[in-house]
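S.K.: Sharing a model prediction with you, sequence too.
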Amino acid sequence: MELNDDNLQTLTEFLRKTLDPDPNVRRPAEKFLESVEGHQNYPLLLLTLLEKSQDTVIRVCAAVTFKNYIKRNWRIVEDEPNKISDPDRSAIKANIVNLMLSSPEQIQKQLSDAISIIGREDFPLKWPDLLTEMVTRFRSGDFHIINGVLRTAHSLFKRYRHEFKSNELWTEIKLVLDTFAQPLTELFKATIELCQTHAADVSALKVLFSSLTLISKLFYSLNFQDLPEFFEDNMETWMTNFHGLLTLDNKLLQTDDEQEAGLLEHLKSQICDNAALYAQKYDEEFQPYLPRFVTAIWNLLVSTGQEVKYDLLVSNAIQFLASVCERPHYKHLFEDQNILTSICEKVIVPNMEFRSADEEAFEDNSEEYIRRDLEGSDIDTRRRAACDLVRGLCKFFEGPVTAIFSGYVNSMLGEYAKNPGKNWKHKDAAIYLVTSLASKAQTQKHGITQANELVNLTEFFVNHILSDLKSLNVNEFPVLKADAIKYVMIFRSQLPKEQLLQAVPLLIAHLQAESTVEHTYAAHALERLFTMRGPNNTTLITPAEMAPFTEQLLNHLFKALALPGSAENEYIMKAIMRSFSLLQEAIVPYIPTLIGQLTHKLLSVSKNPSKPHFNHYLFESLCLSVRITCKANPTTVSSFEEALFPVFTEILQNDVQEFLPYVFQVMSLLLEMHSNSIPASYMALFPHLLQPVLWERAGNIPPLVRLLQAYLEKGGASIASSAADKIPGLLGVFQKLIASKANDHQGFYLLNSIIEHMPPESITRYRKQIFILLFQRLQGSKTTKFIKSFLVFINLYCVKYGAIALQEIFDSIQPNMFGMVLEKIVVPEVQKVSGAVEKKICAVGITKVLTECPAMMDTEYTKIWTPLLQALIGLFELPEDDSIPDDEHFIDIEDTPGYQTAFSQLAFAGKKERDPIGDAVGNPKILLAQSLHKLSTACPGRVPSMLSTSLNAEALQYLQGYLQAASVQLV
């Protein structure tokens, strides 16, 4: 694509169409952009547009498209095409910093993100001048430019907060500190002076304070891994100024908005984080400054109001106290009973109250409320922080803290009892307090695993929780109902089973509540209860115990999906999946009606897939329906196909990328259920599965390979007879996969199925070419994973076609090739093969080579006979060799970049491992003994003499054991 006006015009039109709400206009435009993004100059055209277009909307759209393009394509992945040419890469890096700094803020943010994505891959080695280019801009004095640099540096260095320690990381951080720490400190001091100079100029202060906030964030990132020497030497400068900013109260910067945090709140929140980091990690060095920070933060907490805009500040301030009170040598600061009472009274209790803002979120923004309350999302709430502070204080002062709070809990419950309609928020706070007091350790899987012995959870459940669950009006006091459900859910491992069983029908009733939070919590609680394990590793709640409620449970769960706001509620869908899994055959009578509802739901979400978890559980539920019903009655598979195929066809025709891997898995599951033939509806689809475009997407590869394996297993012969022209296409897929280090094992899965299930004559003419391709790959890049797969394949070939055929095909490629493969690959590497079936295939294959290949007895190959036998005995008796050479790096499928839907495996579409040898060989050791006996009777005296001269004593001893077990002798 040339850099010219015509192309800029075309690109502008397509970008405008991508913003069109009509999918018939939008989708083709998106497809067009996808088709041209591999062309040279495409990113430069986008950068030209975002710089020069007259239309602001187009500029922003070009910026977002550019960032997403960089996100998808910048990382170079081995075996994958490099979508951005080297000249384009150089041009982008040469211009992007300048462009970012001269752009308006909306575009600056997108380009700043793009720089950090490029930086993650190329900085420092391939982009050494990035930092110096940025640091020189600090001197410009223009804070629009300075803030652009700070914002970019922040997105670049942010990853230091969660990277694992490594030499590369330390080297990079050291380089950054050497270039950046001094100018950053100078900028920090200069900015603070400017704040004093411009103390009365509100517009200047806004810019300066946003700089100070970014500087404080950078301080956190650069100090996170370890305390750098530079910052230790300059701690006085930083901490004194941080303390000054914490106590500063400039009236000009206060905002009237009660919801949105202002610049002051953001800055102080970050400073609280910085102080907490030093208090936790560098307590010795920070000790001189700690008391004044504790005082400043305490005063801040006591004087800050309940408005939402202060939430982040308050929660970070409380988290600071929580991190300090957990450290043994700050214990003395909290020992005084009056201090504990004061913290409880002035900080914890007020911040546990359910405010009107929380009530609004509960009613109008339930998704966000659930994310914060259930999943503990990153947006720290006051309640979460107060809860952490309670836990921190309980570490050293469990007794006194529990005693202080028990008084509060009782008085709150008393207030509630006087007038429930008016005082329900008191009970809500009481439940929250009990929860935070009682929970010491918690996991996603088991809820609270360790509880405070001083709190009687069962008694509290009976006296205060059960009444809310039992209330006949599920829509009354929804917040208290949600609290009660959550109590059951988090203390499920602490409450006795009879109370959980008592709760199940009550929770089912709450699935009908109008409140989204309430019916979501009910679904989530049921799902968690159903996953609890009982004493003998079965589920704690059995299908028999669920029998009286089964119909109501299924009915209410599906009805809940129709409630406003829950059409794609992932918690309800997960509860449906878990109910199917728990109840097993008890769901069979309901499936005919339920499958219609599930397919209808699938059709509607496929129009615009937006909730990945919901979609995943929906497909899991479909798989469970199929498995459970077909297990009870295998002939029902055709009725599932009738229900599902119309929707699947639509998904395939509309190329709904997110759903294709799932559809292929469900189709595999259905096809594997058939006896030994392929229905016509599948054969019609077969040619489409070989289209190269499907194999371009990493997420499609594992499920497509499995689907092709199912085709081969159920109808290898019919493919050979009615679709022989498709065999080259099938081998083309194998050739593509085998060339990739990430997917070569998938290529072998396919190849093994071809060898195992296709009639031999249908692939005779391709066999030699297959082996040549494998050798080319062996010469090009030999990885442990490839060799393991290669060994399994050649031994399967030997089992299927015989040892002579294996020797002949190797030697037809190059004389003596067979011996080289045995000597250089099979003997040294077979110990690495893992997996019971794989080992069995190798054992039977090697046994055939040893005993059914005349060339092994009377040519130059004879010298390999004993080492090969020794290797086979080693495969039986020695531990598996799982060493991997140091220089090897396997790309994990999950690591491939960008928006490709990575492969999401469906747990309930699991495939049974297949043993191609089956019962023909029970014990390979016995087979070896019998085959050696047969060989020795054919040529008497040869085998014992070969063994006695060169097999080591230990191996010989094992072999004697096999011969005895098989009751045979060598002659």
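M.R.: All right, it came through fine.

S.K.: Could you check how far stretch 161-168 is from the centre of its chain?
M.R.: Taking Cα atoms, centre = their mean, to the nearest Å, the mean C-alpha location of stretch 161-168 is offset from the chain mean by 20 Å.

S.K.: List the contacts of it.
M.R.: For stretch 161-168, the external contacting residues (Cβ atoms under 8 Å, 6 or more residues apart in numbering) are 169, 220-221, 224-225. Any C-beta I mention is one placed from the backbone N, CA and C, and that applies to glycine too.

S.K.: do stretch 798-806 as well
M.R.: Against stretch 798-806 from outside (Cβ under 8 Å, 6+ apart): 755-756, 760, 794, 797, 818, 841, 844-845, 848-849, 852-856, 916-917.

S.K.: Could you pick out the buried ones from those residues?
M.R.: By neighbour count, with 16 or more other Cβ atoms under 10 Å, the contacts of stretch 798-806 hold 755-756, 794, 797, 818, 841, 844-845, 848-849, 853, 855-856, 916-917 as buried.

S.K.: For Q306, which three-state class applies?
M.R.: In three-state terms, and counting by DSSP: H, G, I helix; E, B strand; the rest coil, Q306 is coil.

S.K.: can you check E514 too?
M.R.: Applying three-state DSSP: E514 is coil.

S.K.: show me the contacts for it.
M.R.: With Cβ under 8 Å, 6+ apart, E514 has these contacts: 475, 478, 563-564.

S.K.: A strand includes K440, no?
M.R.: Yes. According to three-state DSSP, K440 belongs to a strand.

S.K.: Quick check: it vs L454, distance?
M.R.: Applying Cβ to Cβ, to the nearest Å, the value for K440 to L454 is 11 Å.

S.K.: Next: S639.
M.R.: For S639, the distance to L454 equals 58 Å [Cβ to Cβ].

S.K.: L184 now?
M.R.: Taking Cβ to Cβ, one finds L184 at 48 Å from L454.

S.K.: ok, these two, which is more surrounded?
M.R.: Comparing L184 with L454 by other Cβ atoms under 10 Å, the one with more neighbours is L184, at 21 against 15.

S.K.: And the pLDDT for the more buried one?
M.R.: Listed pLDDT for L184 reads 97.

S.K.: The one 4 residues further on now?
M.R.: F188 carries a pLDDT value of 97.

S.K.: C195 too?
M.R.: At C195, the pLDDT value in this model is 93.

S.K.: and if you look at R383?
M.R.: As predicted, R383 sits at a pLDDT of 88.

S.K.: CA-only coordinates of stretch 398-410 in CSV, if you can.
M.R.: Taking Å, rounded to 0.1, in the frame of the first residue of the first chain, the C-alpha atoms of stretch 398-410 are listed here in CSV:
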residue,chain,number,x,y,z
GLU,A,398,-7.5,-11.3,68.2
GLY,A,399,-9.0,-11.4,71.7
PRO,A,400,-9.4,-7.6,72.4
VAL,A,401,-10.6,-6.8,68.8
THR,A,402,-13.2,-9.6,68.8
ALA,A,403,-14.4,-8.3,72.2
ILE,A,404,-14.7,-4.7,71.0
PHE,A,405,-16.6,-5.7,67.9
SER,A,406,-18.9,-8.2,69.6
GLY,A,407,-20.3,-5.2,71.5
TYR,A,408,-20.8,-3.4,68.2
VAL,A,409,-22.4,-6.4,66.5
ASN,A,410,-24.9,-6.9,69.4
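
S.K.: Could you list the residues in contact with that stretch?
M.R.: Here stretch 398-410 makes contact (Cβ under 8 Å, 6+ apart) with 337, 340-341, 344, 349, 390, 393-394, 430, 433-434, 437, 452, 454-455.

S.K.: Give the buried residues for that stretch.
M.R.: 398, 400-402, 404-405, 408-409.

S.K.: Let me see the contact set for N795.
M.R.: By Cβ under 8 Å, 6+ apart, the contact set of N795 is 841-842, 844-846.

S.K.: tell me which strands and helices the strand or helix carrying F619 is in contact with?
M.R.: F619 is located in helix 612-632, with elements delineated by DSSP states H and E. For helix 612-632, the packing partners by 3 or more Cβ pairs under 8 Å, 6 or more residues apart in numbering; DSSP states H and E come out as helix 570-583, helix 591-606, helix 637-653, helix 660-673.

S.K.: Tabulate these (JSON lines), appending mean neighbour count.
M.R.: Below are these laid out as JSON lines (neighbours: other Cβ atoms under 10 Å):
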{"stretch": "helix 570-583", "mean neighbour count": "24"}
{"stretch": "helix 591-606", "mean neighbour count": "17"}
{"stretch": "helix 637-653", "mean neighbour count": "17"}
{"stretch": "helix 660-673", "mean neighbour count": "23"}
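
S.K.: mind checking which of these is nearest F293?
M.R.: When these are compared by Cβ to Cβ, helix 570-583 sits nearest F293, at 40.8 Å.

S.K.: Ramachandran coordinates for A513?
M.R.: phi -60, psi 150 (degrees, to the nearest 10).

S.K.: circling back: among the contacts of stretch 161-168, name the buried ones.
M.R.: In the contacts of stretch 161-168, the ones that pass as buried (16+ other Cβ under 10 Å) are 220-221, 224-225.

S.K.: For these, give me a markdown table that also has distance to L774 and secondary structure.
M.R.: Compiled in a markdown table, the buried ones among the contacts of stretch 161-168 are given as follows (distance: Cβ to Cβ, whole Å; DSSP: H, G, I helix; E, B strand; the rest coil):
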| residue | distance to L774 | secondary structure |
| --- | --- | --- |
| Y220 | 52 | helix |
| S221 | 48 | helix |
| F224 | 48 | helix |
| Q225 | 45 | coil |
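
S.K.: which one among those gets closest to K206?
M.R.: Of all the buried ones among the contacts of stretch 161-168, Y220 has the smallest distance to K206: 21.8 Å, by Cβ to Cβ.

S.K.: contacting residues for that closest one?
M.R.: By Cβ under 8 Å, 6+ apart, the residues touching Y220 are 161, 270, 273-274, 277.

S.K.: hmm, try it at 7 Å
M.R.: Shown in contact with Y220 (Cβ atoms under 7 Å, 6 or more residues apart in numbering): 270, 273-274, 277.

S.K.: out of those residues, who has the most neighbours?
M.R.: Within those, neighbour counts (other Cβ under 10 Å) peak at Q270, which reaches 24 neighbours.

S.K.: Quickly note the distance from the closest residue in space to that residue that isn't next to it in sequence to L561.
M.R.: Using Cβ to Cβ, 6 or more residues apart in numbering and skipping the chain neighbours, the partner closest in space to Q270 is S216 (4.1 Å). Distance, S216 to L561, by Cβ to Cβ: 45 Å.

S.K.: Between the two, which has more neighbouring residues?
M.R.: S216 (24 against 18).

S.K.: tell me which element that one is part of?
M.R.: In the assignment (DSSP H and E), S216 maps to helix 202-224.

S.K.: Centre of the chain to that helix, how far?
M.R.: For helix 202-224, the distance to the chain centre is 32 Å (Cα atoms, centre = their mean).

S.K.: How far away from the center of its chain is the next helix or strand after it?
M.R.: Next in sequence after helix 202-224, counting helices and strands by DSSP H and E, comes helix 229-233. From the chain centre to the centre of helix 229-233 is a distance of 37 Å (Cα atoms, centre = their mean).

S.K.: could I have helix 229-233 exported to PDB, CA atoms only?
M.R.: Provided in PDB are the C-alpha atoms of helix 229-233 (Å, rounded to 0.1, in the frame of the first residue of the first chain):
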ATOM      1  CA  GLU A 229      20.300   2.800  46.000                       C
ATOM      2  CA  PHE A 230      19.400   6.100  44.400                       C
ATOM      3  CA  PHE A 231      16.000   6.300  46.100                       C
ATOM      4  CA  GLU A 232      17.600   5.200  49.400                       C
ATOM      5  CA  ASP A 233      20.100   8.100  49.200                       C
END
